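J.: sharing a sequence plus its predicted fold:
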Amino acid sequence: MNMKIKKFKNLIIVLVILVIVVIGVYTVMNKTKTTDTDAILSEEVEYTVANDSISISVAESGSINPVDKRVVKSEIDGTVDKIYVTEGDIVENNQILISLMSDNANDNQTEINDINLNIEKTQKSLNDLYDSQGDLNIYAPSSGIVSNMSIEVGDQISANYSIASVKDTDNSYIEVYFSQAQYDKISVGDRASSFMISYFSDISGIVSEKNSTPVQMGGGTFGYLVTVKINNPGGLSLGDLAQVTVSNSQGTYNGMINGKIVDVAKENITSKVAGKIKSVNTENGKYVSEGSIIATIEGDDLDLDIADKQNTIAKYKSQMSDLIEGDTVYSPMKGTVLKIAVSEEEVVDRTTSLMTVADLDNMEIVIQVDELDINKIALGQQANITCDAFKNETFSGKVTKISMEGTNVSGVTTYDVTVKLDDRKSLMSGMNVDVEILADKRDNVIVVPIEALHKSNGTYMVTVKDSAGNKNEVNVSLGLTTDEKVEITSGLKVGDVIVYNKIKSTISTDTKNVSFPGMGGGNRGVKQ
């Protein structure tokens, strides 16, 4: 019995020794493995500080759609009579798209014809009133001195009433006779040259009047009177003689005898309409210019008549619109016909969608941006748009709208951001695109690898190595930060050499994460 106990004790001792040996060997091997792994996971790297660019962009996907897309519907119960456009056509605003045949079109046609006739009659009366309205102002028929003024404010006058006369004092008139052969070739408006005998000077003018009554000139010859108007430079008198020559494309013609300056007949100023004098703008002895307003007649009754006719026409048009409501369908906008949903002879009602028209020159994409990134987005930011259908082409756009209300799905809140295309080029409505919004960018700034940073007591630091090889910890301030690099706003200068341990593998028993400002919660949807 004692022998068995002794053997059992010896076995226990041997087992304990084996366990101790195994534990010792495992500890040594594990320590060696850990040391070797640490040596493999990182290496010291030197980095020379330099200026670089750094940017943050938000990338999401969406589909492209027109800013303005409208569905055209029928306004009546009837049948499609004719479709005037095809899909892809560019149409103008108010261009005819479709004509419909109303169920009661034949019954209304007679009444429509009557209304059209009434509109034509009323419009004619209205046009006459417009002409009369223009006659309320009495104008000077020519420039000159006013005389024989016979009206005062408040006077009631009849149509064709002579209110004054005007004498042309700016021009002189020469009467001269030509032979019948010459007279027949001369026209009003032809150029004329008058040599003033008493003044030994030439004055240019035009033919202003012709008189076809023959006048006996003696010797069995007849002359025909032509009146030439010349500008009076001053000093010319009635009866002054002139040698007159008229020229045109047919030839040059000299007067049979010397012409003579004659007195200018006064021209009457008359009213074309009856009424009460509202204002008088001149007086006897005053000079007026041709076309200036001499007097004005009150037109209150005329204005009322015009308004009445305009209202009558509007009522007729409204009645007609009710009768032919919806028979013709017009484009509500300038754009492109995207889809035609009906065919000719198809029966439609007031709810039927006939076609879709869209403005393809103004396209936009609405993307959903994560709540962690929405604060990076601002109106006016530039965006790059790519599409699988055009792999080698990049389109540009800008942010035009940011929704202020988010949408929560499965605990994730997103906000709609609208990007308008600068030029859609070949992109078509409904295509899927990828949108990258440049949220922030800094050029020519000091940038270092994100791995170079470490944190101590809440302060970010880097290790700087001087020319002698000494290493010093330097406090730095951070700017724009991405997953790979960070902007340094203070603490470093171009040319400084920093050292850090560069991680070579993501497997490490001693790796610690460092959080940096501006990185977001994992930067979902953010592209650096």
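T.: Ah, there it is.
J.: so where's the stretch 51-200 of the chain shaky on pLDDT?
T.: Within the stretch 51-200 of the chain, the stretches with pLDDT under 70 are 103-109.
J.: mind running it again at 80?
T.: In the predicted model, the stretch 51-200 of the chain carries pLDDT under 80 at residues 75-76, 102-112, 129-135.
J.: repeat that for the chain.
T.: Looking at the chain by pLDDT under 80, you get 1-42, 75-76, 102-112, 129-135, 233-235, 264-265, 299-303, 319-327, 503-528.
J.: for whichever strand or helix holds residue 252, packing partners?
T.: Applying DSSP states H and E as the criterion places residue 252 in strand 251-254. If you count contacts as 3 or more C-beta pairs under 8 Å, 6 or more residues apart in numbering; DSSP states H and E, strand 251-254 packs onto helix 180-185, strand 241-248. Any C-beta I mention is one placed from the backbone N, CA and C, and that applies to glycine too.
J.: okay, the ones you listed in CSV with mean neighbour count and distance to residue 112 next?
T.: Below are those laid out as CSV (neighbours: other C-beta atoms under 10 Å; distance: least, C-beta to C-beta, whole Å):
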stretch, mean neighbour count, distance to residue 112
helix 180-185, 15, 57
strand 241-248, 20, 56
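J.: distance to residue 334 added to those, as CSV?
T.: Formatted as CSV, these follow (distance: least, C-beta to C-beta, whole Å):
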stretch, distance to residue 334
helix 180-185, 57
strand 241-248, 53
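J.: of all these, which one is nearest residue 144?
T.: Evaluated over the helices and strands packed on strand 251-254, closeness to residue 144 peaks at strand 241-248, with 21.5 Å, by C-beta to C-beta.
J.: what is the subsequent helix or strand relative to the strand holding residue 252?
T.: Following strand 251-254 toward the C-terminus (DSSP H and E): strand 259-262.
J.: what are the buried residues along that next one?
T.: Residues 259, 261 are the ones in strand 259-262 that count as buried (16 or more other C-beta atoms under 10 Å).
J.: what's that strand packed up against?
T.: Against strand 259-262 (3+ C-beta pairs under 8 Å, 6+ apart) you get strand 171-178, strand 241-248.
J.: can you tell me the strand partners of that strand and which way each runs?
T.: Strand 259-262 sits in its sheet next to strand 171-178 (antiparallel), strand 241-248 (antiparallel), going by DSSP bridges.
J.: residue 308 is nearest to which of those strands?
T.: Of those, nearest to residue 308 by C-beta to C-beta is strand 171-178, at 45.5 Å.
J.: need the residues that contact the closest one.
T.: By C-beta atoms under 8 Å, 6 or more residues apart in numbering, the residues outside strand 171-178 that reach it are 186, 194, 205, 208, 215, 217, 223-232, 236, 242, 244, 246, 253, 255-262, 264.
J.: cool, and stretch 205-218?
T.: 173-174, 177, 180, 183, 186-194, 222-231, 246, 256-257.
J.: let's go with 7 Å and repeat that
T.: With contact meaning C-beta atoms under 7 Å, 6 or more residues apart in numbering, stretch 205-218 is reached by 173, 177, 186-192, 194, 222-230, 246, 256.
J.: same thing with stretch 467-486?
T.: Contacts for stretch 467-486 (C-beta under 7 Å, 6+ apart): 54, 56, 440, 442, 445, 447-450, 453, 459-465, 487-492, 499, 516-519, 523, 528.
J.: for those, I'd like a selection string for PyMOL - just the buried members, please.
T.: Buried residues among the contacts of stretch 467-486 (16+ other C-beta under 10 Å), as a PyMOL selection:
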select buried, resi 54+56+442+447+448+450+453+460+461+462+463+464+465+487+488+491+492+518+519+523
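J.: hang on, the earlier thing: could the helices and strands packed on strand 259-262 go into a markdown table alongside distance to residue 418?
T.: Below are those laid out as a markdown table (distance: least, C-beta to C-beta, whole Å):
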| stretch | distance to residue 418 |
| --- | --- |
| strand 171-178 | 71 |
| strand 241-248 | 71 |
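J.: what's the closest of the ones you listed to residue 294?
T.: Judged by C-beta to C-beta, the one of these that comes nearest to residue 294 is strand 171-178, at 19.6 Å.
J.: ok, and the closest non-adjacent residue to residue 332?
T.: Leaving aside its chain neighbours, residue 332 sits nearest to residue 70 (5.3 Å; criterion: C-beta to C-beta, 6 or more residues apart in numbering).
J.: tell me the secondary structure at residue 311.
T.: Three-state call for residue 311 (DSSP: H, G, I helix; E, B strand; the rest coil): helix.
J.: may I have the strands that pair with the host helix or strand of residue 206, each with its orientation?
T.: Assigned by DSSP H and E, residue 206 falls within strand 201-218. Neighbouring strands of strand 201-218 in its sheet, by DSSP bridges, are strand 191-196 (antiparallel), strand 221-231 (antiparallel).
J.: hmm, back to that, how far away is the residue nearest to residue 332 from residue 346?
T.: Between residue 70 and residue 346 the distance is 20 Å, computed by C-beta to C-beta, to the nearest Å.
J.: which one's more surrounded, those two?
T.: residue 70 (16 against 12; other C-beta atoms under 10 Å).
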